[in-house]
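>>> Just a sequence and a predicted model for now, questions to come.
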Amino acid sequence: MVSQTKHQPESGDGIRESFLKFYASKSHEIIQSSSLIPDDPTVLLTIAGMLPFKSVFLGLKEKPANRATSSQKCIRTNDIENVGITARHHTFFEMLGNFSFGDYFKREAIQWAWELVTRIYNLEPERIVISVYYKDEESEKIWREEIGINQNRIVKLGEKDNFWTSGSTGPCGPCSELYYDFYPERGIENIDLEDDERFIEFYNLVFMQYDRDSHGKLSDLESKNIDTGMGLERMAQILQKKKNNYETDLIFPLIKKASQLADIDYFSASEKTKTSLKILGDHTRAVVHLISDGVIASNIGRGYILRRLLRRMIRHGRLLGIQNNFICDIAEVGIKLMQNIYPSLKQNRTQILKEIDVEEIRFLKTLERGEKLLDEIFASGKRIISGSKAFELYDTYGFPLELTREIAQEKNIQIDLDGFDKEMNAQKERAKAASQNIDLSLQGSIEREIDLLPKTIFKGYQSLSNKAKIRGIFVDSSLVPSATKGEKIQIVLDETSFYGEAGGQIGDTGFIVNDDIEVFVEKVIRKKEVYLHCGIVKQGEIKIGALVEARVDNFNRSRATSNHTATHLLQSALKSVVNSNVVQKGSLVAFNKLRFDFNSSIPLTNAQIFEVENLVNRWIMESHPISIKEMSKDLAIREGAVAMFGEKYDDVVRVVDIPQVSMELCGGTHAKNTSQLGCFKIINEQGISAGIRRIEALSGQALLDYFSERNLVLNQLSDLLKTKPKDLFDRVYSLQSELKDRNKEMKKMQSELAQFQYSTLDSKVQKVGQSSILISELNGLDGNTLQSAAIELTEKLGINSAVLLAGVATDSNKLLFVVSFGSNLIQSGMHAGKFINNVARICNGGGGGKPSLAQAGAKDMKKLNEALTYAKSELINQLNNYSDK
């Protein structure tokens, strides 16, 4: 037994350290926290402490030890709306856990959990309440008879609360949870664990003892496992005697910094203000860890989660009155707060702050566009903002609903809150479906079968062909003994010369053959360390165990090899010409091109592109030899090798070295000398997301093909325009000038036609009291010309006039309406923008504008006469009211 400590750990770091040390004393191996980017492709982020051990629990991977313990960083966003509102919801949290892989089971798990919380953390036994699955008599008996828990403090719960499952099938089992009682003086009769004010669940023990089949039948697992989880933040709240997790030393320093930036005292602030401060504290931890682990803000996947968190921080910063960029200031505190436990935060500090800064600047512009969208909604004359529009403002443009509501109330406009809630709930359901569950069933997947196959030995660095034995054949993701002509298959060989897609380089093409069979391989992918040769059977029947020859297409391999080496030269050139802090953010090495993504908040200039091209081509012409060697990762980094940010590497790495030019960790195929690339050309440079630029380029044979195609087009244009290639620019420039002159002449003629048309409209002017109204059709004019006509007619008719012109536009073949009011009518309260919108609605249209001038568009031309009749009647009505005043 571990002796009782004199002083219980109170700091977050102390709680974490005590947990790990305790279980290490029970022969558990301490496992370092895994990345937030999991190896498991079924989930976006690491959402539970057990996720890194999923394959172990499934029996697909070797266990790291019989017993393990860890403090795992996790992120969940399915309850993001509760962050800052409840005392315990977070996006980022740390899960302390102890695990048994077929070693100890319920008795030890329960005994050690009790020893930890009462002897190490010194919690008073009378403050601890236990929940058990109502059918788990074994656990209940251990708690009652061996630990000595009062029966009234053991609560039996149903399957929903205390039976752990990962999916409809697979490993599962009962669980037992430990709750802390903040008010034991209220007694132990009829305890209600759903009373969040009184109880907090802080330690969950999962007894993984069953396997559930597709019919729901439970059978005992041969190897029973233990999976536990203790929320670090919750234990800190308990031991530090705080009202909520946010006021612990794990988060409050971040809240304190945010309070300083907003010039607010947290403890005297309103609950609404405290919520915003808590959100900033919580999200800061999530953001710095996501970026440190290699996530880049985008509109999809993990990048969307990062972007959404940053957007929420900006919104709540504005609600607190912080107008300038501020997230980096809080992030600096977050990095310092956690860098001793997570050294990668300090190592990646520059990248973290730069990514935050770029995204914050970009989103402030997005916020401005949201404000413009809101102005357009008001100008349309609609009296209610739909739920979908309000949600679009919230989700796409980051507009707080509270701000939208406040502005709308000033305009006497309502918001469809029910519609907004409907959209919000739909998004929550999508988020939960995408991120909440860890699937341990593996039904319908080839993952399980692949793990049963030996890893493929890659021979492709030395040779483009090799003898091999077929180890596996998959058709429609199912392992089959054979396949025949015409079937699409995936073949696993014991050895292969085919490169499997990895590191941005696509897989090889070629053939798998023997005297009786022929399979065309169109691509090769890797599943863990198994190579899947994807293709179609062209001849014969292919069977598992057959001896074959793998033949790689040398032409395509050489093109990929050239482009991959060119990618390394490109990165070095960018570091030299643009910025030494350029970091690769993604790449594609194909047969016909290469693509390189890198960090930069501004586009490359034409001069920079030209300089980068010249530098790469100079290195090609200088014929630099390329050496490839294996060494320890630490040694490679010390010698200056470049590693891709966020990428995972083995302890022994492959280094591609072009002396004095480039040195990178890389598993791809490369040329033996830079001269083999021939030449290099950048064909496109563009932004793909906030702070990320993309270059597309060509080298070797792909570039020769590109020049040949361009030359063909050049010759065709020369023939078409009847000029020499060298004179094409002058010829096209001359044609453009002629076209501009003719367009000017056409507009002049349209203007003259319009003047002629509206000069004949005097007979259509109608007097209403002291006012004049003119309603007429003028077809064949664009919107600008129609507006000019309406303004000129209003000036001609005087300050008490109203002009409405309608017609079919020449440029869009749609109905246009333009209304112009004289100054006296505007002073009386008449508004052209509101008036025109009601007219256009009759024709299935809408619009708006200023009190003096407004324009609208519409689609239904059949109702034009009805719209004009309504307009005349409504104008007379309003003018009569004006006359009465």
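Done, it's in.
>>> residue ranges for the strands of the stretch 651-800 of the chain, please.
Secondary structure of the stretch 651-800 of the chain (DSSP state E, counting those that start in this stretch): strands located at 652-658, 662-665, 680-689, 692-699, 766-768, 771-777.
>>> what's next to the longest one, contact-wise?
Read that as strand 680-689. Residues from elsewhere that reach strand 680-689 (Cβ atoms under 8 Å, 6 or more residues apart in numbering): 296-299, 303, 566, 569-570, 593, 597, 603-604, 609, 612-613, 616-617, 620, 693-699, 703, 706. C-beta here means a position set from N, CA and C on the backbone, and glycine is covered the same way.
>>> Quick check: neighbours of that strand in the sheet, parallel or antiparallel?
strand 692-699 (antiparallel) (DSSP bridges).
>>> quick one on the thing from earlier: and the contacts of strand 680-689, which of them are buried?
296-298, 303, 566, 569-570, 593, 597, 604, 609, 612-613, 616-617, 620, 693-695, 697-699, 703 (16 or more other Cβ atoms under 10 Å).
>>> And for Ile826, the neighbour number?
With neighbours defined by other Cβ atoms under 10 Å, the count for Ile826 comes to 15.
>>> Nearest spatial neighbour of it, chain-adjacent residues omitted?
Pro851 (4.7 Å; Cβ to Cβ, 6 or more residues apart in numbering).
>>> any idea whether the one you found is helix, strand or coil?
Secondary structure assignment for Pro851 (DSSP: H, G, I helix; E, B strand; the rest coil): coil.
>>> if I pick it, what's in contact with it?
Phe821, Ile826, Met830, His831, Ala832, Gly833.
>>> One more: Gly700?
Here Gly700 is in contact with Ser558, Arg559, Ser562, Asn563, Ala566, Gln676, Leu677, Gly678, Cys679 (Cβ under 8 Å, 6+ apart).
>>> need the contact list for the nearest residue to it once chain neighbours are set aside.
Spatial nearest neighbour of Gly700, chain neighbours left out: Ser562 (3.6 Å); criterion: Cβ to Cβ, 6+ apart. Listed by Cβ under 8 Å, 6+ apart, the contact set of Ser562 reads Ala671, Gln676, Leu677, Gly678, Ser699, Gly700, Gln701, Ala702.
>>> repeat that for 10 Å
Going by Cβ atoms under 10 Å, 6 or more residues apart in numbering, Ser562 touches 589, 591, 594, 620, 669-671, 674, 676-680, 698-703.
>>> Let's see which of those end up in helices.
Among the contacts of Ser562, the members falling in helices (DSSP state H) are Ile620, Gly700, Gln701, Ala702, Leu703.
>>> count of residues packed around the fourth one?
What it means is Ala702. Counted with other Cβ under 10 Å, Ala702 comes out at 21.
>>> If you drop the residues flanking it in sequence, what lies closest to it?
The shortest distance from Ala702 to any non-neighbouring residue, by Cβ to Cβ, 6+ apart, is to Asn592 (5.0 Å).
>>> quick one on the thing from earlier: got phi/psi on the residue nearest to Ile826?
Here is the backbone geometry of Pro851 (degrees, to the nearest 10): phi -60, psi -30.
>>> any idea how far it lies from Ala802?
Distance of Pro851 to Ala802, computed by Cβ to Cβ, to the nearest Å: 12 Å.
>>> can you check Ile264 too?
Separation of Ile264 from Ala802 (Cβ to Cβ) stands at 52 Å.
>>> Also Gln770?
Counting by Cβ to Cβ, the gap from Gln770 to Ala802 is 12 Å.
>>> which of these two has more neighbours?
Neighbour totals were compared for Gln770 and Ala802, and Ala802 leads with 27 against 11 (other Cβ under 10 Å).
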